[in-house]
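Engineer: Next comes the sequence, and after it the predicted model I'd like to discuss.
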Amino acid sequence: MNLSLPIAVGIGGFAGALLRFYTSAAIVKTVGTELAFVATIAVNLLGCFAIGILWTLVLKTSHVSPVMQRLLITGLLGSLTTFSTFALDSLILLQSGRVRAALANLSVNVFAGLLLVWAGMAVAGMFVSGETSG
């Protein structure tokens, strides 16, 4: 097995996680904890802009090797924010005329995601409340 691709993803992922951490911390320090959600928005939008640039470079030039593609797109941006991949997938579906698939992708990710966060909190709440009773 060629380890260069998974190593590239790991290196990019490490860098993306640090970039997210420090970017979010700087934004929260600036706007305060009551507006901490702004950090998530900023990181997501930064990731969307970056994936637009990288995706275009990958498609239109031969300057980005497959290993570098994995490092930057899958590793760095995947760790910075998976929202950028979600946005790219949705846009590609729309551009290819697959409007129903794009709307399904958008709807399922947003609404099922919210539902599953709620469900996860409910399940965890059962365990947490059970600890104190006995």
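Structural biologist: Thanks, I have it. For clarity, every value in this text was computed on a predicted model and none was experimentally measured.

Engineer: Need the per-residue pLDDT for the residue at minimal distance from the centre of the chain.
Structural biologist: With distances taken as CA atoms, centre = their mean, T82 lies nearest the centre of the chain, 1.5 Å away. What the model reports as pLDDT for T82 is 89.

Engineer: Kindly report the same for the one 3 residues further on.
Structural biologist: With respect to pLDDT, T85 scores 90.

Engineer: For it, give me its contacts.
Structural biologist: Contacts for T85 (CB atoms under 8 Å, 6 or more residues apart in numbering) come out as I51, I73, L77, G78. (C-beta placed from N, C-alpha, C; glycine too.)

Engineer: Could you identify the helix or strand that succeeds the helix or strand harbouring it?
Structural biologist: Under the criterion of DSSP states H and E, T85 resides in helix 83-95. As assigned by DSSP H and E, the chain's next helix or strand after helix 83-95 is helix 99-107.
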